[in-house]
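> Compute the structure for the input listed below.
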Amino acid sequence: MYESTRGNLSGQIASQAIALGMVPSGGLFVPSNFPALNWQDLQGLNYRDVAKRVMIPYLPDFSEETLSEIVNVYADGTFDGPNPAPLVPVGSFGVLELWHGPTAAFKDMALQVLPDLLNVSLKQLEYDTEVLILVATSGDTGKAALEGFKNRAGMHIVVFYPEGGVSPVQERQMTTTEGANTHVVAVKGNFDQCQTAVKHIFASETLKAELQEKQLIFSSANSINWGRLLPQIVYYFWAYLQAVEQGKVAPGGSMNVVVPTGNFGNLLAAYYAKRMGLPIGRIISASNQNNVLADFFATGVYQSKRAFYQTISPSMDILISSNFERFLYEMSGRDAEGIQTWYDSSNQGTFTVDPDTLKQCQDTVYAGWANEEETLEIISRSYKTYQYVFDPHTAVAMKVYEDYLSTTNDQTYTVIASTASPFKFATNVLKGLEEQKSAKDEWEALNRLSQLTGWKIPLGLQGLESKTAKSVDTCEPEEIAELLQKMFT
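Below you'll find the model as predicted:
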């Protein structure tokens, strides 16, 4: 069963939690308990079957046959090769490459599964309606969601992204997505403003009623939706299985993970895997210059009202980390009343947790951050040292990992979650590689990066510049609801 982090809804089955996306009156769905799973029982299985074994305890209202069909996407050619998330040995650590899906970002690992989870949920609840998926994106979620939901019968998707706040490749990926049911909107603001506006729409009874008259209901493809978060737990089990198989970790031994994070979903999935019994030691949170999380772990004060920076790692340009609420719910001993108080809108995005909760947070997660110069320096040095190319997000994680090592001297085998292909950010990666001659545009940069490194351009990024782009609506954050009314009512 699923309950709200704010204590305002409980007793929901998986289908309800997935169909609703988020708690209508505020809060996020969390499982009432975490099922234990012995990693040894997964040895020898392929990714598809590991996914099934990890996910099925959370989906008791799904048949085993149905879930088998859903996770078959990991084996049907959608991802590059038979291993959708390879653990690549680099130096003394491992890089978990989560970007071998159709959009070259880690979001594919979940967003190729969510549409079917949602479709089955709606059928089981006997909803005789179509669904309108609203997505706020800082770059990668948008394209991965569009790709997952395009041409799905009975489903419409609208993606909101910050105008000028994503890379040219990310923007082009979104605007060239096929499907009559896909819509892209550039918002004159940052990601937090997009996300906040979408959350307000979910809470709008007026707009809900208007859409219901048109046989439409809301849902979300952001990681606020449990159906987005659940598949992400899988790849931490997969990383551990590979680390054991490669002889990097003794069976049953501990493994640390480093996660570049913005909205905290990817890191939260690692924590949930640990709660299920996976031998994860330290979880290391890596932020860019928008370092609201690093500051929180140092002080216990969450302060989102601060300067916002557009950086070379745009998918992490976030000050309001939605999934952090779920994390605090666990760290506070599931204190729904405390969560409600901290996230009360009158606090205007600033709150201070109690000392016990802060200690739990600090005992669970080490947090750090990297600035722009450090990120570029890591890209350069890592290529020279390891002949490995980091994208600007994974480079942030590498810098924070180095800081963690120098602080703790912890020699536990560590896996860095690599969240995007370097080709999605080719111009800045070339800058990091100290390529003196600047490319005339992003498309030349893709080819130059490939020539320089010998790495292949991911299939999903090839030929983007020649694809037909659909028209993009633009609006202010406060105009989103009005835009949706024009589009669908």
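> Tell me how far stretch 156-169 lies from the chain's centre.
In this view, stretch 156-169 has its centroid 15 Å away from the chain centroid, taken as CA atoms, centre = their mean, to the nearest Å.
> Just the CA coordinates for it, please, in CSV.
What follows is stretch 156-169, C-alpha atoms only, in CSV (Å, rounded to 0.1, in the frame of the first residue of the first chain):
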residue,chain,number,x,y,z
HIS,A,156,-1.4,13.2,-24.4
ILE,A,157,1.8,14.7,-23.1
VAL,A,158,2.8,18.3,-22.6
VAL,A,159,6.5,19.1,-21.7
PHE,A,160,7.4,22.4,-20.2
TYR,A,161,11.1,23.4,-20.3
PRO,A,162,12.9,26.6,-19.3
GLU,A,163,13.5,28.7,-22.4
GLY,A,164,17.3,29.1,-22.9
GLY,A,165,17.9,26.7,-19.9
VAL,A,166,18.6,23.5,-21.7
SER,A,167,21.4,22.5,-24.1
PRO,A,168,20.8,22.9,-27.9
VAL,A,169,20.8,19.2,-28.3
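> where does the chain have low pLDDT?
436 (pLDDT under 70).
> what's the single longest helix in it?
helix 226-245 (DSSP state H).
> in its sheet, what does the helix or strand just after it sit against?
Using DSSP states H and E, the next helix or strand after helix 226-245 towards the C-terminus is strand 255-260. As defined by DSSP bridges, the strand partners of strand 255-260 come to strand 280-287 (parallel), strand 414-418 (parallel).
> how about those, which one is nearest residue 354?
Across the strands paired with strand 255-260, residue 354 has its closest neighbour in strand 280-287 (20.2 Å, CB to CB). C-beta: built from backbone N, CA, C; applies to glycine.
> Could you dump the strands paired with strand 255-260 into TSV with distance to residue 130 and mean neighbour count added?
Below are those laid out as TSV (distance: least, CB to CB, whole Å; neighbours: other CB atoms under 10 Å):
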stretch	distance to residue 130	mean neighbour count
strand 280-287	38	24
strand 414-418	35	27
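> and residue 393, what does it touch?
Contacts for residue 393 (CB atoms under 8 Å, 6 or more residues apart in numbering) come out as 260, 288, 313, 315, 316, 419, 420.
> picking that back up, mind putting the strands paired with strand 255-260 into CSV with distance to residue 164?
Below are these laid out as CSV (distance: least, CB to CB, whole Å):
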stretch, distance to residue 164
strand 280-287, 21
strand 414-418, 26
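> tell me the angle of the longest helix of the chain relative to strand 255-260?
Note on geometry: by axes from the mean of the first three to the mean of the last three CA atoms, to 10 degrees, helix 226-245 and strand 255-260 are set 130 degrees apart in direction.
> can you pull the alpha-carbon coordinates of helix 226-245 into CSV?
What follows is helix 226-245 as a C-alpha-only set of coordinates in CSV (Å, rounded to 0.1, in the frame of the first residue of the first chain):
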residue,chain,number,x,y,z
TRP,A,226,6.1,6.5,-8.1
GLY,A,227,5.9,4.7,-11.4
ARG,A,228,8.9,6.8,-12.6
LEU,A,229,10.9,6.2,-9.4
LEU,A,230,10.4,2.5,-9.0
PRO,A,231,12.3,1.3,-12.1
GLN,A,232,15.3,3.4,-11.0
ILE,A,233,15.9,1.2,-8.0
VAL,A,234,16.6,-1.7,-10.4
TYR,A,235,19.9,-0.4,-11.8
TYR,A,236,21.6,-0.2,-8.3
PHE,A,237,21.0,-3.9,-7.9
TRP,A,238,22.3,-4.4,-11.4
ALA,A,239,25.4,-2.3,-10.6
TYR,A,240,26.1,-4.4,-7.5
LEU,A,241,25.7,-7.7,-9.4
GLN,A,242,28.2,-6.5,-12.1
ALA,A,243,30.6,-5.3,-9.4
VAL,A,244,30.6,-8.7,-7.8
GLU,A,245,30.9,-10.5,-11.2
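> buried residues in it?
226-244 (16 or more other CB atoms under 10 Å).
> and what of stretch 58-76?
58, 59, 62, 67, 70, 71, 73, 74.
> In JSON lines: those, plus distance to residue 5.
Shown next, in JSON lines, are the buried residues of stretch 58-76 (distance: CB to CB, whole Å):
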{"residue": "58", "distance to residue 5": "16"}
{"residue": "59", "distance to residue 5": "20"}
{"residue": "62", "distance to residue 5": "23"}
{"residue": "67", "distance to residue 5": "26"}
{"residue": "70", "distance to residue 5": "26"}
{"residue": "71", "distance to residue 5": "27"}
{"residue": "73", "distance to residue 5": "29"}
{"residue": "74", "distance to residue 5": "30"}
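> Looking at these, which are in helices?
67, 70, 71.
> Just to check, the last one is in contact with residue 113?
Yes: between residue 71 and residue 113 there is a contact at 6.7 Å, judged by CB atoms under 8 Å.
> Mutual contacts of those two, please.
residue 51.
> can you give me the helices in the stretch 1-150 of the chain?
Counting by DSSP state H, counting those that start in this stretch, residue ranges of the helices within the stretch 1-150 of the chain are 14-20, 47-55, 64-71, 108-111, 114-124, 140-149.
> Distance to residue 274 added to these, as a markdown table?
Below are the helices of the stretch 1-150 of the chain laid out as a markdown table (distance: least, CB to CB, whole Å):
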| stretch | distance to residue 274 |
| --- | --- |
| helix 14-20 | 21 |
| helix 47-55 | 13 |
| helix 64-71 | 22 |
| helix 108-111 | 18 |
| helix 114-124 | 23 |
| helix 140-149 | 24 |
